[in-house]
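Peer 1: Turn this into a structure:
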Amino acid sequence: MDIRLHLEAGHSKAQSMEIVKYVGYDKSRFSNLFGVFVRGPYRISQRAAHPIALIIEQYPKLLSPYFPEIIGLLKRDDIHDAVKRNIFRMLQSQKVPGKYEGEVLDLAFSFLVDRKQAIAIRVFAMQVVFNLSAKYPEIRADLKMVLEDMLPYGSPGFKNRAKKILSKLMMS
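Peer 2: Just a heads-up that it's a prediction; the model follows:
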């Protein structure tokens, strides 16, 4: 299967599931799909994100070799919002390898507080920071302060996630 051509043909749940079935736990095929996701363009990146998310839900270890690339992408200014958004979407449900936790935490915090970032990017980054706070409880106070400061100005989606996280922070 030519993954790029398959994604160019359109976007549907059935097409995503075909890609998921084709890639499975095959590292080479996942590498190909991840490359298509990173190279874009925007629509192709968006379409590739869904099967990637489904695959890494089943096989989280497939994402491990891509953490240096993911971090590098998040540091670039020229990367499309769809790529940033979907990277944070993936990271919110992943265990970040220990050697990358610091960088991922710094990046997620910087995206969270950057009001120029799209709301979805900031919401997913918020979840990544919260998830890492389980291992690094010393960041909880900072996260709480940032969320309380931003809450009055947030979109409905931002407020919703922030309130859920704040309630969990209050319980811990």
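Peer 1: How about Lys144, nearest residue that isn't a chain neighbour?
Peer 2: Leu169 (5.1 Å; CB to CB, 6 or more residues apart in numbering). Every residue, glycine included, has its C-beta placed from N, CA and C.
Peer 1: pLDDT at that neighbour, what is it?
Peer 2: pLDDT recorded at Leu169 is 93.
Peer 1: for it, what are its contacts?
Peer 2: Leu169 sits next to Phe130, Ser133, Arg140, Leu143, Lys144, Leu147 when contact means CB atoms under 8 Å, 6 or more residues apart in numbering.
Peer 1: quick one: the fifth one from Leu107, how far?
Peer 2: So the one you mean is Lys144. Using CB to CB, to the nearest Å, Lys144 is found at 20 Å from Leu107.
Peer 1: Quick one: residues in contact with stretch 105-117.
Peer 2: So stretch 105-117 is contacted by 71, 74-75, 81, 84, 88, 91, 121-122, 125-126, 128-129, 132, 136, 139, 142, 146, 150 (CB under 8 Å, 6+ apart).
Peer 1: What residues sit buried inside it?
Peer 2: Leu105, Leu107, Ala108, Phe109, Phe111, Leu112, Gln117 (16 or more other CB atoms under 10 Å).
Peer 1: just to revisit the earlier point, now the contacts of Leu169 as a markdown table including distance to Leu63 and secondary structure?
Peer 2: Output for those, formatted as a markdown table (distance: CB to CB, whole Å; DSSP: H, G, I helix; E, B strand; the rest coil):
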| residue | distance to Leu63 | secondary structure |
| --- | --- | --- |
| Phe130 | 19 | helix |
| Ser133 | 21 | helix |
| Arg140 | 26 | helix |
| Leu143 | 24 | helix |
| Lys144 | 29 | helix |
| Leu147 | 27 | helix |
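Peer 1: Show me which pair in those is furthest apart.
Peer 2: The most widely separated members of those, counting by CB to CB, are Ser133 and Leu147 (11.4 Å).
Peer 1: Next one, pLDDT for the closest residue to Leu74 other than its chain neighbours please.
Peer 2: Nearest residue to Leu74, sequence neighbours excluded (CB to CB, 6+ apart): Leu107, at 4.8 Å. On the pLDDT scale, Leu107 is placed at 98.
Peer 1: for Pro60, same thing?
Peer 2: For Pro60, pLDDT reads 89.
Peer 1: which residues touch it?
Peer 2: Contacts of Pro60 by CB under 8 Å, 6+ apart are Gln94, Lys95.
Peer 1: Among the contacts of stretch 105-117, name the buried ones.
Peer 2: For those, buried by 16+ other CB under 10 Å: 74, 84, 88, 91, 121-122, 125-126, 128-129, 132, 139, 146, 150.
Peer 1: element containing Lys159, please.
Peer 2: Counting by DSSP states H and E, the element that carries Lys159 is helix 156-171.
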